[in-house]
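> Requesting a structural model of the entry that follows:
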Amino acid sequence: MVKKEKLKVIFTTGKRKKAIARARIVQGKGRVLINSKPLEVWGNDILRLWVKEPLLLAEDLAKLVDIKVNVKSGGISGQGEAVRMAIARGLVDFFKSKDLRNKYLEYDRNLLVYDPRRTEPHKPSASKRGPRRHKQRSKR
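Sure, this is the predicted structure:
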């Protein structure tokens, strides 16, 4: 009887603002799908460059895996940064490489570490002007 080789699959998440990205990384040929679309078609040029950063830093390792990412919620920039975080975390987990981890942390800490900043909620007096903006008053 022939034993089946166990397929290594890594699931990771990336978050930025309100966007949540879930990545699935499997051994493969270097394909990247985001919401069932190839990376070359998804988003605009800036977002594609953000998402390619962890892949370019990983060099040859990125060509050994297939990456599927589902991203939802938030705006386009939040989604782009959430996707890049999910991919970077997944590659570090898949290859268990301390060198890759250190390279990511040295390049941009937000590739691996969550950023907790949020917008400040509006206060009762300022309905549409912002959380701290007050009505302009005349001095005389």
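> For the rest of this, base every contact and every neighbour count on C-alpha atoms.
Noted.
> Assign residue 60 to helix, strand or coil.
Put simply, residue 60 is helix when judged by DSSP: H, G, I helix; E, B strand; the rest coil.
> right, I mislabeled it, should have said residue 135
Look at residue 135: counting by three-state DSSP, its state is coil.
> Assumed residue 92 was part of a strand.
No. Looking at residue 92 with three-state DSSP, it is helix, so not inside a strand.
> For residue 70, which residues are in contact?
Residues in contact with residue 70 (C-alpha atoms under 8 Å, 6 or more residues apart in numbering) are 21, 22, 23, 34, 35, 36.
> which phi and psi does it have?
The phi/psi pair for residue 70 (degrees, to the nearest 10) reads phi -110, psi 130.
> Show me what it is bridged to.
Note on residue 70: beta-bridge partners residue 22, judged by DSSP bridges.
> Show the pLDDT at it.
With respect to pLDDT, residue 70 scores 94.
> Alright, I will stop here.
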